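In: Can you look at this prediction? I've put the sequence above it.
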Amino acid sequence: MSIFEIVMLICFGAAWPFSIMRSWTSRKTSGKSIIFLLVIFAGYISGVIHKIFYNPDKVIILYIANGIMVLIDILLYLRNKKLEGGYQNA
């Protein structure tokens, strides 16, 4: 278990609640990138997989918590896109 890994995950994780709150209250997708969110989510999934197979320790909890917050932000992005009329059937 690396203290630097823990600090990194805590610092990154501290930003997600603000991003989620902004997505929830603004009901807009402006300033958000679904590609960025998906790449970050894939990174956290990779971290979880690495912890499971190669370096199991309690830090996996931080990867999972951050991944859940990114997933929430992705779902809010999709909701907001729908509210903006971005996914209309032609």
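Out: Everything's here; your move. Numbers count the residues shown, from 1 in each chain.

In: Pick out the residue nearest the middle of the protein.
Out: V70 (1.5 Å; CA atoms, centre = their mean).

In: helix/strand/coil for the closest residue to that one other than its chain neighbours?
Out: Once flanking residues are discounted, V70 sits nearest to F41: 4.6 Å by CB to CB, 6 or more residues apart in numbering. C-beta here means a position set from N, CA and C on the backbone, and glycine is covered the same way. Three-state call for F41 (DSSP: H, G, I helix; E, B strand; the rest coil): helix.

In: burial count for P17?
Out: 12 (other CB atoms under 10 Å).

In: Surely it touches M69?
Out: Yes: P17 is in contact with M69 according to CB atoms under 8 Å; the separation is 6.9 Å.

In: Relative to E84, how far out is W16?
Out: Taking CB to CB, to the nearest Å as the measure, W16 falls 22 Å from E84.

In: between the two, who's got more neighbours?
Out: Using other CB under 10 Å, the more surrounded residue of W16 and E84 is W16, with 18 against 13.

In: looking at it, that one is touching N66, isn't it?
Out: Yes: counting by CB under 8 Å, W16 does reach N66; the two are 6.5 Å apart.

In: what stretches of this protein score poorly on pLDDT?
Out: Counting by pLDDT under 70, the chain shows low-confidence ranges at 86-90.

In: re earlier: so the residue nearest to V70 sits against I74, correct?
Out: Yes: F41 is in contact with I74 according to CB under 8 Å; the separation is 6.4 Å.

In: tell me the secondary structure for G31?
Out: Here G31 is recorded as coil under three-state DSSP.

In: burial of it, as a residue count?
Out: Quick note: G31 (other CB under 10 Å) scores 9 neighbours.

In: Let me know the distance separating it from E84.
Out: Taken as CB to CB, the span from G31 to E84 is 13 Å.

In: try A65
Out: Going from A65 to E84 by CB to CB gives 29 Å.
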